[in-house]
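> can't give you the sequence, but here's the structure:
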Ligand SMILES: C[S@@+](CC[C@H](N)C(=O)[O-])C[C@H]1O[C@@H](n2cnc3c(N)ncnc32)[C@H](O)[C@@H]1O
């Protein structure tokens, strides 16, 4: 099986029929293809299969709307597999300028025949050609959009209305449109340099020698962004030697709020896979006491693997629910609560996340985040700090959690980033930080540092 469109079709079938995550489904079918062919797909075919799977999942709402407008039967009433085939054809016509329209149509018609819909090949051909005709003859978008701004943005950029409505409330329509566009891009990869092993300059030089372009990022002294296709991460210079970690620049900003000193006690309440715990350990010179706690033992293993690769020895792990670790009460100089969240700030990384979250889910997460914050705040010594962070930009999971906590904990206050901290460039008047991706070209994040008062 070396046809990238067939691989994409099979992966998308797993996503739609069995609710499999898009990346897992894609990986499974790419592996199967490799086993059957006894060699991997050529890189361009692999890239096409990847683009088609992520693109069709991301743009599902828009693609369905086009089917609704062009076919007699609504997309929801089409046979599931045929709907996927139509998505694949329309996606190529609408979003992939490198594929000639005739090739998009012909390959989709073949896909239709190869997957038990021979009798409907004419219908698929007709619908795709009608799309091309409309696009060419009127030179306008064949997709007819509603007048209402929220539905217009939701349909055009393929997001649920409730997410768009939340952004419009906070940002207005024009900015929301920029944010939607940003989230439909492919994600970038950033590195965090391990200062215990190397320097930014050394990594930069090693990458340049290996023909991989990297760029520095404003305000983040340990960050580099990969600019060109880098291939397998494990093969990049310095990976095995623990010179760097893959971590988005927003997540690096969270680390910069933790000004933990060598020898102190720091506890990461939701640590796996360890991106921020290892940052803490690097900042503390791999000394002191660092606990990495997480509910998921399998994910905690990753913390160990990452710490081993970075040759960090100060991290201890503890599995369980961080709402129950009373043994930590009043022991920590620093607590990091990188809370479980909806991930609405990283929609570009997880193609299906926008369809999986619901307002009800957000409410449940907000409750859990509040409970974790109230409990882990007890771990902090008087005069100590807690950093709360999420990779969502929904206020129920962020500002509301913090304001709720402060309202019932008079001995706590917001401690804004110090002026020489990288985070100072991003701070808002309230002292917390919301990273808006379309402004900063980084993952959407919320973070705030809280200080517990000294006792008299
Ligand atoms: C956002 S991720 C943490 C990412 C991590 N800090 C990093 O930088 O690599 C949230 C983590 O919280 C964990 N988690 C969820 N509920 C928890 C709970 N009640 N107690 C402890 N960990 C929990 C999840 O297993 C998940 O690994």
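All right, it came through fine. This is a predicted model, so every value here is computed, not measured. Numbering: from 1, shown residues only.
> only C-alpha atoms for contact and neighbour calcs from this point on.
Fine.
> residues from this protein in reach of the ligand?
Within the chain, the residues that sit near the ligand (C-alpha under 6 Å from any ligand atom) are 269-276, 294-296, 321-323, 338-340.
> For the buried ones among those residues, write the corresponding PyMOL selection.
Per 16 or more other C-alpha atoms under 10 Å, the buried members of the residues of the chain next to the ligand correspond to this PyMOL selection:
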select buried, resi 269+270+271+272+273+274+275+276+294+295+296+322+338+339+340
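> Now, the residues of the chain next to the ligand that are in helices?
275, 276 (DSSP state H).
> show me the contacts for the closest residue to residue 195 other than its chain neighbours.
Closest residue in space to residue 195, ignoring its immediate chain neighbours: residue 282 at 6.9 Å, by C-alpha to C-alpha, 6 or more residues apart in numbering. Residue 282 is in contact with 194, 195, 196, 312, counting by C-alpha atoms under 8 Å, 6 or more residues apart in numbering.
> and residue 282, what element?
helix 275-283 (DSSP states H and E).
> quick one: that helix to chain centroid distance?
Computed by C-alpha atoms, centre = their mean, to the nearest Å, the chain-centroid distance of helix 275-283 equals 20 Å.
> coming back round to it: out of the contacts of residue 282, who has the most neighbours?
The most neighbours of any of those, using other C-alpha atoms under 10 Å, belong to residue 194, which has 22 neighbours.
> my guess is that one meets residue 247, correct?
No. Using C-alpha atoms under 8 Å, residue 194 is not in contact with residue 247, being 11.5 Å away.
> about what we covered before: closest one to residue 373 out of the contacts of residue 282, please.
Nearest to residue 373 among the contacts of residue 282 is residue 312, at 27.3 Å by C-alpha to C-alpha.
> Need the per-residue pLDDT for the closest one.
Turning to residue 312, the model gives it a pLDDT of 97.
> Residue 443: how many residues sit nearby?
27.
> does it sit in a helix, a strand or a coil?
With DSSP: H, G, I helix; E, B strand; the rest coil as the basis, residue 443 sits in coil.
> same deal with the one 4 residues further on?
When classified by three-state DSSP, residue 447 comes out as strand.
> Residue 387 is in contact with that one, correct?
Yes. With contact defined as C-alpha under 8 Å, residue 447 reaches residue 387; the gap is 7.0 Å.
> Looking at these two, which one has more neighbours?
Each of residue 447 and residue 387 has its neighbours counted (other C-alpha under 10 Å); residue 447 has more, 28 against 23.
> what are the bridge partners for that one, then?
Counting by DSSP bridges, residue 447 is bridged to residue 389, residue 433.
> Pull up the gap between it and residue 85, please.
The gap separating residue 447 from residue 85 is 42 Å, by C-alpha to C-alpha, to the nearest Å.
> Phi first, then psi, for residue 184.
phi -90, psi 10 (degrees, to the nearest 10).
> Pull the contacting residues for the closest residue in space to it that isn't next to it in sequence.
Nearest residue to residue 184, sequence neighbours excluded (C-alpha to C-alpha, 6+ apart): residue 348, at 5.8 Å. Shown here is residue 348, whose contacts under the criterion C-alpha under 8 Å, 6+ apart are 182, 183, 184, 185, 186, 187.
> Drop anything exposed from the residues you listed.
Here, 16+ other C-alpha under 10 Å leaves 182, 183, 184, 187 buried among these.
> Kindly indicate which of those residues lies nearest the ligand.
residue 187 (17.3 Å; C-alpha to the nearest ligand atom).
> Checking my notes, that closest one in a strand, right?
No. Judged by three-state DSSP, residue 187 forms no part of a strand; its state is coil.
> any idea how far residue 298 is from residue 270?
Residue 270 is 13 Å from residue 298, by C-alpha to C-alpha.
> Return the backbone torsion pair for the closest residue to the ligand within the stretch 1-150 of the chain.
Among the residues of the stretch 1-150 of the chain, residue 21 lies closest to the ligand, at 16.8 Å counting by C-alpha to the nearest ligand atom. In terms of degrees, to the nearest 10, the main-chain angles of residue 21 are phi -60, psi 140.
> Count residues in the vicinity of it, would you?
Neighbour tally, residue 21, other C-alpha under 10 Å: 18.
> Which helix or strand contains the spatially closest residue to it that is not a sequence neighbour?
Excluding the flanking residues, the one nearest residue 21 by C-alpha to C-alpha, 6+ apart is residue 15, at 6.2 Å. Remark: residue 15 resides in helix 4-18, with elements defined by DSSP H and E.
> Show me what counts as buried in the very next helix or strand once past that helix.
The C-terminal neighbour of helix 4-18 among helices and strands, as given by DSSP H and E, is helix 22-37. For helix 22-37, burial by neighbour count (16+ other C-alpha under 10 Å) applies to 22, 23, 25, 26, 28, 29, 30, 33.
> Can you tell me the SS state at the residue nearest to residue 357 when sequence neighbours are not counted?
Spatial nearest neighbour of residue 357, excluding adjacent residues (C-alpha to C-alpha, 6+ apart): residue 342 at 6.6 Å. Following three-state DSSP, the label given to residue 342 is coil.
> quick one: contacts for residue 342?
Residue 342 is in contact with 357, 361, 362, 365, 391, 392, counting by C-alpha under 8 Å, 6+ apart.
> which among the residues you listed end up buried?
Here, 16+ other C-alpha under 10 Å leaves 362, 365, 391, 392 buried among these.
> Can you pull the phi and psi angles for the second one?
The main-chain torsion angles of residue 365 are listed as degrees, to the nearest 10 and equal phi -60, psi -40.
> isn't it right next to residue 339, touching?
No. Residue 365 is not in contact with residue 339 according to C-alpha under 8 Å; the separation is 9.1 Å.
> In helices, which of the buried ones among the contacts of residue 342 appear?
Filtering the buried ones among the contacts of residue 342 for helices - DSSP H - leaves 362, 365.
> Need the buried ones among the contacts of residue 342 in JSON lines (columns: pLDDT).
Output for the buried ones among the contacts of residue 342, formatted as JSON lines (pLDDT from 0 to 100):
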{"residue": "362", "pLDDT": "98"}
{"residue": "365", "pLDDT": "98"}
{"residue": "391", "pLDDT": "98"}
{"residue": "392", "pLDDT": "98"}
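> now, which of the buried ones among the contacts of residue 342 sits nearest the ligand?
residue 391 (7.0 Å).
> Make sure residue 221 is indeed in a strand.
Yes. Membership of residue 221 in a strand is supported by three-state DSSP.
> Identify the residues contacting it.
residue 200.
> The ligand versus residue 433, what's the distance?
17 Å (C-alpha to the nearest ligand atom, to the nearest Å).
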